[in-house]
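Peer 1: generate coordinates for the sequence data below:
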Amino acid sequence: MDFNLSDAQKDIRDTVRKFAETRIKPRAHELDEKEEFSAELTKEMGELGIFGIIVPEEFGGQGLDYLSYVIAVEELARVDGSHAATVAAGVSLGIAPLLYFGSDAQKKKYLPRLAAGEGLFAFGLTEPGAGSDSRGSKTKSVQNPAGSWTINGSKIFITNGSCELTEGIIVQTVSGRIRLRIGTQTVDLSAGRAVVLERDVPHDVEALEESAFLLTISWPKDYATGPGFPAEANVEGLPKINSDE
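Peer 2: Residues are numbered from 1 along each chain as shown. Modelled structure (predicted):
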């Protein structure tokens, strides 16, 4: 295994390091002291291509590997953790769910602006009674008889959720229960769905269309069948388990 960086990865390292040293470092302390978010520097990171490193070229990104993205975040973190976190959250929590699990329409609609750093997507996981313990989430998404969905719940500490560049949020919800078999044990878990909400969606919106959801759920879809799972989903050698068993 070759642990040496490629020439392209070295170029990314050097470019981001220079940017962090010359543009972020002179302002980092003041921004921290004033507890301010710099939309200007965030947009500049977008112009540099940092947000679009893992995004395919067809959606306005660089189409590079994940290591290149990690190198960029590491170089930012050497100088200022806040800007590194802005990128890490913007890519891993905003771009990545859309890239890996979004519909073609969602990718075409949102990824170009996110990859360019012109906007950010927030991520809603934490609740008053649940945080990194995502299985404790209470926010529900319920399908209505007509096929639309209603979301009911509360989220707090929204990552990237309070800046002027925020254009939407990906919200983790619970949509039902599944029964999942691991080895000889059977476990009942909450089945989750992630929904994409644009910034100015009314708080009292009564129903969301199916197109607002990502194409997967919070749990590995190949482990079982049930609400939100493809009917034929199954891991090789793992017995199928229906939600009504």
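Peer 1: low-scoring stretches of the chain, by residue?
Peer 2: For the chain, residues meeting the criterion pLDDT under 70 lie at 177-182, 187-191, 201-245.
Peer 1: the helices in it, which residues?
Peer 2: 7-19, 25-34, 39-47, 66-79, 81-88, 96-101, 104-115 (DSSP state H).
Peer 1: elements contacting the shortest one?
Peer 2: What it means is helix 96-101. helix 104-115, strand 185-198, strand 213-217 (3 or more Cβ pairs under 8 Å, 6 or more residues apart in numbering; DSSP states H and E). Any C-beta I mention is one placed from the backbone N, CA and C, and that applies to glycine too.
Peer 1: hmm, 7 Å instead?
Peer 2: helix 104-115, strand 213-217 (3 or more Cβ pairs under 7 Å, 6 or more residues apart in numbering; DSSP states H and E).
Peer 1: returning to that earlier point: minimum distance to residue 152: which of the helices of the chain has it?
Peer 2: The closest of the helices of the chain to residue 152 is helix 96-101. By Cβ to Cβ, the value is 21.2 Å.
Peer 1: which residue lies nearest the spatial centre of the chain?
Peer 2: residue 93 (2.3 Å; Cα atoms, centre = their mean).
Peer 1: residue contacts, it?
Peer 2: For residue 93, the contacting residues are 123, 159, by Cβ atoms under 7 Å, 6 or more residues apart in numbering.
Peer 1: start the count at 36 instead of 1 going forward.
Peer 2: Sure thing, new numbering starts at 36, so read that last one as residue 128.
Peer 1: wait, residue 76 touches residue 58, no?
Peer 2: Yes. Residue 76 lies in contact with residue 58 (Cβ atoms under 7 Å); the separation is 6.3 Å.
Peer 1: residues of stretch 65-81 that come out buried?
Peer 2: Within stretch 65-81, the residues that count as buried by 16 or more other Cβ atoms under 10 Å are 66, 72-73, 76-78, 80-81.
Peer 1: then stretch 162-182?
Peer 2: 162, 165, 169, 172, 174-176, 178.
Peer 1: how about stretch 41-54?
Peer 2: Buried, per 16+ other Cβ under 10 Å, within stretch 41-54: 44, 47-48, 51-52, 54.
Peer 1: what does it rub up against?
Peer 2: Contact with stretch 41-54 is made by 40, 83, 85, 102-103, 106-107, 110-111, as judged by Cβ under 7 Å, 6+ apart.
Peer 1: before we move on, the earlier item: export the helices of the chain as JSON lines, with columns for distance to residue 195.
Peer 2: Shown next, in JSON lines, are the helices of the chain (distance: least, Cβ to Cβ, whole Å):
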{"stretch": "helix 42-54", "distance to residue 195": "19"}
{"stretch": "helix 60-69", "distance to residue 195": "16"}
{"stretch": "helix 74-82", "distance to residue 195": "10"}
{"stretch": "helix 101-114", "distance to residue 195": "14"}
{"stretch": "helix 116-123", "distance to residue 195": "7"}
{"stretch": "helix 131-136", "distance to residue 195": "13"}
{"stretch": "helix 139-150", "distance to residue 195": "11"}
